[in-house]
Each structure stands twice: as structure tokens, then as C-alpha cells.
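# Need the 3D shape of this:
(one chain, ligands or ions: 1)
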Amino acid sequence: MSKQTDDFFKNIVSHAKEYGFVFQSSEIYDGLSAVYDYGQLGSELKNNLKTYWWKSMVQLNENIVGIDSAIFMHPTIWKASGHVDGFNDPMIDNKDSKKRYRADQLIEDKIDRYEKDGKSDKAAQLQQDLDDALNADDLARLKNIIEDHNIVCPISGTKNWTEVRQFNLMFDTQMGAMADGAEKVYLRPETAQGIFVNFLNVQKTGRMKIPFGIAQIGKAFRNEVIARQFIMRMREFEQMELQFFVRPGTEMEWYNKWKETRLKWHLALGADPAKYRYHDHAKLAHYANAAVDIEYDFPFGFKEVEGIHSRTDFDLKQHQEFSKKKMQFFDPEINQNYIPYVVETSVGLDRLFLTVFANSLVHEDLSTEEKQDSRVVLKFHPAIAPVKAAILPLTKKDGLPEKAREIMAKLKLDYNVQYDEKDAIGKRYRRQDAIGTPYCITVDHQSLEDDMVTIRHRDSMEQERVAIADLGKIIGERVSWTNLLTQLI
Ligand code: GAP
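As a prediction, this is how the structure comes out:
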């Protein structure tokens, strides 16, 4: 990371904390690594992002329905899905610092360093060696690569490494009170399996016909070997996943459609398209016949925000075999029974939150010849802004607070609004800019006479005079979900 991008990333983290978006979990006990809490504004923003996703999936598509399955599931599910045996990361320990690393990430860091030093050929060769070793699950080769390229522990600076071992990422716990009779259960590492095991329940009770989709938002847990970059890689996080069931042989058509749809969805939030790119997987997961990531250009480089996978019939077939229950669909159009193929879209809500935050956080220089001035603004799309409008009486007296409270009482029935009477009006505008409130409504002495107020626009800082009676309609039109959703159809 260059100094500039490093500073920007630090700004994101400190701004998120200072204004009540994201806190380190258990902070007063010195924190819990890679676990975060969302504060009063962060939880509003997160809820709005969930609503945007849910509306775009479930509300806009007649053939997609949503569910909310339990985090705990029968342990055999994770055997069938391949997670018990195969959901591993290669890890390596440094014997001097006693620190644990992901072997592939140590090598990727080295590739980045070669790139930065202008050694592109060396970087490309190392990438190829890494891909080959990962594809072959060759742990000894990974260790050799680390040694051959003189990769040292960032803490101890030594090459005193252990062997590379596989580390399963699933958390487990016991279900049942008695230790003897207790059953080992897992905290789900993805929400997808809750959809697969409910495939028939939903298909039958919802009278769904292929192609159709099941969407779900929920927590997932992974015991990441190394967790870093704030809410980018967490041990407890949230996913928004769609499993779209299709007729075998049509999966690539749907895969391409969802690939396009999902990028459009991200861009509708207002980001610069140059900040996004597709990254095709070199190594396909055991269940996939095609896979692509949507990557975002974070301050620490392009990284995955969402994965789109053509998962074949792998999961349903496995559950059919392990549960001995038929996972088939009778397709009346071709008069055939088959196990459907699945195209999955899976976006991490926390990573999405970080992209939105990074996209929106702007430091603006407003200096004129007369005076130096600046402001920090979160330029969220109005539909996802945590607070839609702030109601600000110009002074704390002369009946202005009462008038402002009257406006607040009406608007709060439809929107999350804030009342603020403390400090000079300029300072209050800056406070609202910093939390991304798109509209400030100022009540002044004139308002008492003509029932008009001033709306100040966050991005342009322009002001307009409007009738109090029209406020609900004006704000409503500007923060409406329609503005976002119409871009998708
Ligand atoms: N069901 C498919 C699946 O889980 P994945 O690529 O492992 O695929 C999907 O995860 C998305 O979940 C990722 O694109 C990322 O946004 C998010 N994600 C995965 N691991 C994460 C972690 N440790 N912390 C935060 N988000 C994570």
C-alpha cells in the first residue's frame, strides 16, 4: 500500500469508528480478533444494504423467494457438502515469532512485492507456481516456494518455518446438555447449504417451477487463519446468497446473465465503474464448472466482494446421497425428472459495506482566497443513507425548536430523521455531511410566518426553499428505492 492509500484506509477505519458505524468487538476487553460490531449508524447502513439486495432479488423477480434458515444444521450436511473434509486453508507457523500465516497469502504478498519492484516476469512465474501447487494440493511444494523465494516472517524476520498443514475453517460446538450424549455441530461457514436442504420444501410449498431461485441473508462463521484489513476478512460475517435452480445444460446461459446482473447491481449504487472488475477463477472449487469474482479496488488493491459460481448439481446430488431423499424436480415441459443445476451469487455484506464506505468517503477542500475550509462527506446514495434528513432549527428559541419538532413528528413516520439544535448551523451541516445525511432541513424565523423551510443538499451544498407541506413528498421522491431499482430493470 502506498502512503496515500494507507492513509485513506486508516481514515476509513477511524471515520467508521468516530461516527458510530463500526466498533471493534469487545473493545473494553482489548477486542476480539477479526470480530466487529456495527454501531448506531453502521447497523442502519447495513440494514439498508440488505433491503436493497432483498428487494432487487425477491421483490423484482417473480421466480425468486427468500428464506431464513437456522445457523445450526445437521452435522451430516457439512460432510455431504465437502466442508468437513475439504474446507481448509494451508497454514504455516514461524517457530521464532510463533505467528501463524496462510501459506498462499505469504506467497501472494511476495508476488505483490515483485510487481511493485517492477519484476513482472518473476511475479507471473511465482503466480503460476502458486496456482500449480494449490491445484495439486501440494503442501510440500508450497513450503519449497516459500523457502526458494526467501520469504521471511514479517514479525521475526526469519525463515524458521514449520511444515505447511491444512487447517479446517469451520467452528464447532456441542449441542445438548450432557457432554456424553452431546452431538458436535458446526456454525455454518456459508448460508448456501440452508438453501439446498430446503430446496424441496420451498419448491413444493411455493409451487416453484424451474428456473427459480431461493435467496437468503444471514451470518456465516469461518475460523480464518489470518484475519486482516478491518471488516474485509472476519471470523463472523454476513452473506447474501442466491441459489438459482436451472435445467441442466442451461447453466452457462444463467451464469452469464447473473454475472452481468450482479455487476450492474453494484454499479447502481453510484461507484466509478473503473473501481470494479471481473476475475475468473484459475482454480475451480470441487463443485463448480465456472466461477468468477466481482472485485473492487480497495485501498489495498483489487479484492473479491462477490462470487458467482456455476455449482452444477453437486450439492443437491450430495444431499440426495447422504440423506437418501430424492432431490429431483419433474419438468413438465420436457416430461423429465432431474436434479437441477445451480448458479449461485454470493456477496459478503461486510465487504459490500466497506466498498460503499470507501466509495463514499470524500475529503473536500472548500478553501477560498479569504479563508481555508474543508469538509468530510459520506456521499452515500440517498436510498441507503442511514439518516435521510436532519431537522435543524436555526436557533434554540423563538418557537423554532417547536416548529422543527412538528416537522420531525411527521417525517419520522416514514424516514429515519434526526433532530439537532446544538452548535452553529454550519457546524451542524458538517456533522450531517460526515454521516452522509443527504438533506438538511433548516427552520428559521421566516418559517413561522410562511410555513416554508430551506433544504440544503449534501453533495452540491445548494439550498432551496420549499413548503413544509411538501416535505414528505420531496424527501420521499429523492430517497425512494425506485431510484435504485429502476436502474436494474
Ligand atoms: N457459498 C459460496 C461462498 O461462501 P465464498 O467466496 O467463500 O463463497 C462468498 O464467500 C462471499 O462471502 C465473498 O465474496 C466475500 O464477500 C464474503 N466472505 C467470505 N469470507 C469472508 C470473511 N472471512 N469475512 C468477510 N466476508 C467474507
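
# need the contact list for the residue of the stretch 251-400 of the chain found nearest the ligand.
The ligand sits closest to Gly348 of the stretch 251-400 of the chain, with a gap of 2.3 Å, by CB to the nearest ligand atom. Quick note: C-beta positions are derived from backbone N, CA and C, even for glycine. Contact analysis of Gly348 by CB atoms under 8 Å, 6 or more residues apart in numbering lists 237-239, 305-306.

# The stretch 101-250 of the chain: helices as residue ranges?
103-116, 120-135, 139-148, 192-196, 199-205 (DSSP state H, counting those that start in this stretch).

# from the ones you listed, which stretch is densest packed?
helix 192-196 (a mean of 24; mean count of other CB atoms under 10 Å).

# who touches it?
With contacts defined as CB under 8 Å, 6+ apart, helix 192-196 is touched by 67, 69-70, 73, 77-78, 81, 188, 214, 216, 218, 241, 243, 315-316, 319, 342, 344, 346.

# repeat that with 10 Å
66-71, 73-74, 77-78, 80-81, 83, 186, 188, 202, 213-216, 218, 220, 239, 241-243, 245, 287, 309, 311, 314-316, 318-319, 327, 342, 344, 346 (CB atoms under 10 Å, 6 or more residues apart in numbering).

# Tell me who's in contact with Tyr419.
Counting by CB under 10 Å, 6+ apart, Tyr419 has contacts 390-393, 401, 404-405, 407-409, 412.

# sorry, back to before: which ones among the contacts of Gly348 are found in strands?
237-239, 305-306 (DSSP state E).

# which of the contacts of Gly348 come close to the ligand?
237, 239, 305-306 (CB under 6 Å from any ligand atom).

# Nearest to Ala467 among these?
Val305 (42.2 Å; CB to CB).

# Okay, domains of the chain per the record?
Domain assignment for the chain by automatic domain parsing gives 3-87+169-357, 380-488.

# Asn94: which of those domains is closest?
So among the domains of the chain, domain 3-87+169-357 is nearest, using CB to CB, at 12.1 Å.

# Am I right that Val347 is in contact with Gln239?
Yes: using CB atoms under 10 Å, Val347 is in contact with Gln239, at 7.1 Å.

# Spell out which residues are contacts of both of those two.
217, 306-307.

# circling back: now the helices of the stretch 101-250 of the chain as TSV including distance to Phe357?
Shown next, in TSV, are those (distance: least, CB to CB, whole Å):
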stretch	distance to Phe357
helix 103-116	23
helix 120-135	30
helix 139-148	34
helix 192-196	26
helix 199-205	34
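
# And the ones you listed: which comes nearest Met461?
Using CB to CB, the nearest of the helices of the stretch 101-250 of the chain to Met461 is helix 103-116, at 39.1 Å.

# pull the CA atoms of stretch 201-218 into CSV?
The C-alpha coordinates for stretch 201-218 follow below in CSV (Å, rounded to 0.1, in the frame of the first residue of the first chain):
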residue,chain,number,x,y,z
ASN,A,201,-39.7,-27.7,0.9
VAL,A,202,-39.7,-24.4,-1.0
GLN,A,203,-40.3,-25.8,-4.4
LYS,A,204,-43.3,-27.8,-3.3
THR,A,205,-44.9,-25.3,-0.9
GLY,A,206,-44.2,-22.4,-3.2
ARG,A,207,-45.2,-24.3,-6.3
MET,A,208,-42.0,-23.1,-7.9
LYS,A,209,-41.1,-24.1,-11.5
ILE,A,210,-37.6,-24.2,-12.9
PRO,A,211,-35.9,-21.8,-13.4
PHE,A,212,-36.4,-20.4,-9.9
GLY,A,213,-34.2,-19.0,-7.1
ILE,A,214,-34.0,-19.1,-3.3
ALA,A,215,-32.4,-16.1,-1.6
GLN,A,216,-31.1,-15.8,1.9
ILE,A,217,-29.3,-13.3,4.1
GLY,A,218,-27.5,-14.5,7.2
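
# count of neighbours near the nearest residue to Met175 once chain neighbours are set aside?
Using CB to CB, 6 or more residues apart in numbering and skipping the chain neighbours, the partner closest in space to Met175 is Val185 (4.5 Å). Other residues within reach of Val185, judged by other CB atoms under 10 Å, total 19.

# Contacts only, for Val185.
Contacts of Val185 (CB under 10 Å, 6+ apart): 71-75, 77-78, 171-176.

# and what of Ile489?
Contacts of Ile489 by CB under 10 Å, 6+ apart are 56, 60-61.

# before we move on, what about Glu44?
Counted by CB under 10 Å, 6+ apart, Glu44 has contacts 20-21, 38, 384-388, 416, 435.

# Tell me the pLDDT of it.
Looking at Glu44, its pLDDT reads 98.

# quick one on the thing from earlier: how close does the residue nearest to Met175 sit to Ile77?
Applying CB to CB, to the nearest Å, the value for Val185 to Ile77 is 10 Å.

# Next: Ser26.
Taking CB to CB, one finds Ser26 at 30 Å from Ile77.

# Run through the residues of the stretch 351-489 of the chain sitting next to the ligand.
Residues of the stretch 351-489 of the chain lying near the ligand (CB under 6 Å from any ligand atom): Arg351.

# So which residues of the stretch 351-489 of the chain form strands?
Remark: strands assigned in the stretch 351-489 of the chain by DSSP state E, counting those that start in this stretch are 361-365, 374-378, 389-393, 417-419, 439-443, 452-457, 463-467.

# Could you export these as JSON lines, including distance to Gly476?
Output for those, formatted as JSON lines (distance: least, CB to CB, whole Å):
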{"stretch": "strand 361-365", "distance to Gly476": "26"}
{"stretch": "strand 374-378", "distance to Gly476": "21"}
{"stretch": "strand 389-393", "distance to Gly476": "10"}
{"stretch": "strand 417-419", "distance to Gly476": "12"}
{"stretch": "strand 439-443", "distance to Gly476": "11"}
{"stretch": "strand 452-457", "distance to Gly476": "13"}
{"stretch": "strand 463-467", "distance to Gly476": "13"}
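
# Point out the most buried one among these.
The most buried one of these (mean count of other CB under 10 Å) is strand 389-393, showing a mean of 26.

# what about Ser26 and Ile77, which has more around it?
Between Ser26 and Ile77, counted using other CB under 10 Å, Ile77 has the larger neighbour count: 22 against 12.
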